[in-house]
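Undergrad: Take this sequence and fold it.
(chains A and B)
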Amino acid sequence: MGNHSDGSPNHSGTVATAGQNEVEKFQDPGLPPHRLRLADTDPKAAKRAERQVAILFGVSIVGTLIFLGAYFAIDLGVDSTIATIRNQNLLLGLGTAFAMLGIGTGIVHWAKALMPDHEVSEERHAVRTEEDRQAAVRIVDDIVEETGIKRRPLIRNTLLGAVALAPLPAIAVFGDLGPRPDDKLAHTMWAPEEGKLKRLTRDPDGTPIKASDVTIGSAFHVIPEGLNELHEGKLNEKAKAVVLLMRLNPDSLKISPGREDWSYNGIVAYSKICTHVGCPVALYEQQTHHLLCPCHQSTFDLTQECKVIFGPASRPLPQLPIAVDAEGYLVATSDFKEPVGPSYWERDEHERLINS
Amino acid sequence: MKALSQKRRHPLAAIALLLMGLLLTGGLYAVATTVNQAKAETTTYSASDTEEGKKLFEANCATCHGMGASGSKDGPSLVGVGAAAVDFQVGTGRMPMQMNGPQAQKKPLQFNEDQTHQLSAYVASLGAGPAIPEEHLLDEKGDAAEGGELFRVNCAMCHNAAAAGGALTRGKFAPALADVSGKHIYEAMATGPQNMPVFNDANISPEGKRDIVTFLKKIEANGSPGGADLGSLGPVAEGLFVWVAGLGVIIAFTIWLTSRSS
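TA: Numbering: from 1, shown residues only, chains lettered A, B, ... in the order given. So this is what the prediction gives:
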């Protein structure tokens, strides 16, 4: 039978021949012939390379001077404008770049063109000797002996305890990722407080909006009344409660059963938070009645209660039920009837709770 | 006073009182609802302006907008759009429209300043609407910081935070706002041309609009504080630059470092 130890399955069964166990030796090709550089043979070229290196170092010096000049000479006093800062930034950046690049390229050019470039081969050392190994073992043994860790169990045990406890602060810090949001995502500031309906107010100044202010074709960016007075969590509340208020011809709205009293004379309010991943949907085209999300081009048709007509969003934008109070201001008659924004694990459950 | 008190039991006194009351409420209501337009309606148009404008309109605009600007299936009614709408659409060359498309675009002006003025006069005479803004609202001396905040809340989603413009659906787009005159910016806000929503004076006050114009002119004059803005288009332009120029320089240096000197 053939020799199977050659690792070649195609040759199993071939007749063994003499010399088959001899390893085919790879011939050391040696170093390629040394090629002299221009600067090695021609003194003029060497002189030229020397000058080039000096110029590169000179560029670095100039760069540093530009940096210092820009830093001290450009005055950023009260008279300065954004343009002054921009010009200074530009000069500081260019100065640093030339200062660093000049040194770096100069050294590389020096090494490549002028420093000796003869090839040297270095013989490999033995990786380790038995003596070195023994020496290392002796050092470790000495350390263990001198620390006395075997003789002093008190120290050993307290050390083990300290090391075991040390990761606990990290675990405690992880606690800050919580607490669980529970149903916070399902409610917004629009919910009436103590029977008082929240007025729709302008973003950013928080002034209330009259129904007569909203002419056909208008788009108002809306925040709930009282948002600006919050001291804590203002941005979190704003992120959930922002609304876009628009007015179109009442005849063009297709209103589904149950939503008849959610709009007022063609004035409708929808959550601005995209149901895809939560970007603000605020690109309103007043003639086509499309709302476009700038992140992934989800398009919602306002006349069909913000049904998705294009893009990755899977649910219509939640509508805010609105009415007009005794003084003519627009108010939200209730919170959104579904959680706003993108899907989350407990969303369906929360929607059921809101509507029950 | 005595005569009045004697007549208060006259059979017609109740009717007269009712009439006075009605007139007072009606008058107050009219003042209250038109206060937005009334404030801006100051540019004066002579009768001849309106007359000339009517002729120009009938020759150039009535094909689509109908006789008397009452609209047709090819163009909307212009009754009540105001002088500002005409001044914007005609003054930027958007009207007369060259052809149907996703949106009417800026092009060389078809009418000179006088003709635009006359057309504005005629359309303004058809019904009350936003007027051409007064000079003091366009002086670019408002509060730029305030204008910046209003711009970011109301405008930046379509026009880009640096006013470089952006794409909308199906071929429509919000144009870049550099090189647009303050007057035209103001008029666009007040009238909502094409797919732009209307920002009436109850939404953004005339002072707010003045602040926005101030802000836009200021960022246009100052340029980008970070150096080359690459069109202010954000990660696409910046990423392309870094991938092509940045990586290109790194590759060039690597080749130089590893090559042999001649």
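Undergrad: Spell out the residue ranges of the strands in the chain.
TA: All of this refers to chain A. Using DSSP state E, the strands of chain A run over A:198-202, A:219-224, A:243-247, A:267-271, A:283-285, A:290-292, A:299-301, A:307-310, A:322-324, A:330-332.
Undergrad: That was the other one, I meant chain B.
TA: For chain B, the strands defined by DSSP E occupy B:166-167, B:173-174.
Undergrad: Spell out which residues of the stretch 101-250 of chain B are next to chain A.
TA: Listed as neighbours of chain A in the stretch 101-250 of chain B under the rule C-beta under 8 Å from any C-beta of the partner chain: B:149-150, B:153-154, B:157-158, B:166, B:168-170, B:172, B:174, B:192, B:194-200, B:202-203, B:222-227. The C-beta positions use only the backbone N, C-alpha and C, and glycine is treated the same way.
Undergrad: Show me the shaky parts of chain B.
TA: Across chain B, residues meeting the criterion (pLDDT under 70) sit at B:1-8, B:11, B:29-43.
Undergrad: Kindly recompute the last result at 80.
TA: B:1-18, B:25-44, B:223-228, B:261-262 (pLDDT under 80).
Undergrad: which stretches of it form helices?
TA: With DSSP state H, the ranges of helices along chain B come out as B:2-7, B:13-33, B:35-40, B:47-60, B:62-65, B:82-91, B:113-126, B:144-154, B:156-159, B:182-191, B:206-222, B:235-241, B:247-258.
Undergrad: wait, what's in contact with B:L56?
TA: B:F111, B:Q115, B:Q118, B:L119, B:Y122 (C-beta atoms under 8 Å, 6 or more residues apart in numbering or on different chains).
Undergrad: So the fourth one versus chain A, what's the distance?
TA: B:L119 sits 22 Å away from chain A, taking C-beta to the nearest C-beta, to the nearest Å as the criterion.
Undergrad: Tell me how chain A divides into domains.
TA: Here the domain assignment for chain A is A:38-113, A:184-355, based on automatic domain parsing.
Undergrad: Kindly reformat the strands of chain A as TSV and extend each row with mean pLDDT and distance to chain B.
TA: Compiled in TSV, the strands of chain A are given as follows (pLDDT from 0 to 100; distance: least, C-beta to the nearest C-beta, whole Å):
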stretch	mean pLDDT	distance to chain B
strand A:198-202	94	7
strand A:219-224	95	3
strand A:243-247	95	7
strand A:267-271	96	13
strand A:283-285	93	4
strand A:290-292	94	5
strand A:299-301	95	6
strand A:307-310	95	7
strand A:322-324	95	15
strand A:330-332	95	12
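Undergrad: hmm, back to that, would you point to the one among the domains of chain A that's packed deepest?
TA: Mean neighbour count, computed with mean count of other C-beta atoms under 10 Å in any protein chain shown, is highest for domain A:184-355 among these, reaching a mean of 18.
Undergrad: end to end, how far does that one reach?
TA: One end of domain A:184-355 sits 16 Å from the other (C-alpha to C-alpha, to the nearest Å).
Undergrad: do the same with stretch A:174-192
TA: End-to-end distance for stretch A:174-192, by C-alpha to C-alpha: 35 Å.
Undergrad: Show residues contacting that stretch.
TA: The contact list for stretch A:174-192 (C-beta under 8 Å, 6+ apart) reads A:198, A:224, A:226-227, A:237, A:240-241, A:243, A:320, A:332-336, A:339-341, A:344, A:346-347, A:350-351, A:353-354.
Undergrad: shaky segments in the stretch 251-356 of chain A?
TA: Applying pLDDT under 80 to the stretch 251-356 of chain A flags no residue at all.
Undergrad: mind listing the helices for it?
TA: Taking DSSP state H, counting those that start in this stretch as the criterion, the stretch 251-356 of chain A contains helices spanning A:347-355.
Undergrad: Return the residues of it in contact with chain B.
TA: By the rule C-beta under 8 Å from any C-beta, the part of the stretch 251-356 of chain A lying against chain B is A:280, A:282-288, A:290, A:292, A:294, A:297, A:299, A:310.
Undergrad: and the two most separated of these?
TA: Spanning the widest gap among those are A:P280 and A:Q287, at 21.4 Å by C-beta to C-beta.
Undergrad: Ramachandran angles for A:L76?
TA: phi -100, psi 40 (degrees, to the nearest 10).
Undergrad: residue contacts, it?
TA: A:L76 sits in contact with A:T84, A:I85, A:Q88, where contact means C-beta under 8 Å, 6+ apart.
Undergrad: Now tabulate the domains of chain A in a markdown table and tack on distance to B:K106.
TA: Putting those into a markdown table (distance: least, C-beta to C-beta, whole Å) gives the following:
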| stretch | distance to B:K106 |
| --- | --- |
| domain A:38-113 | 28 |
| domain A:184-355 | 18 |
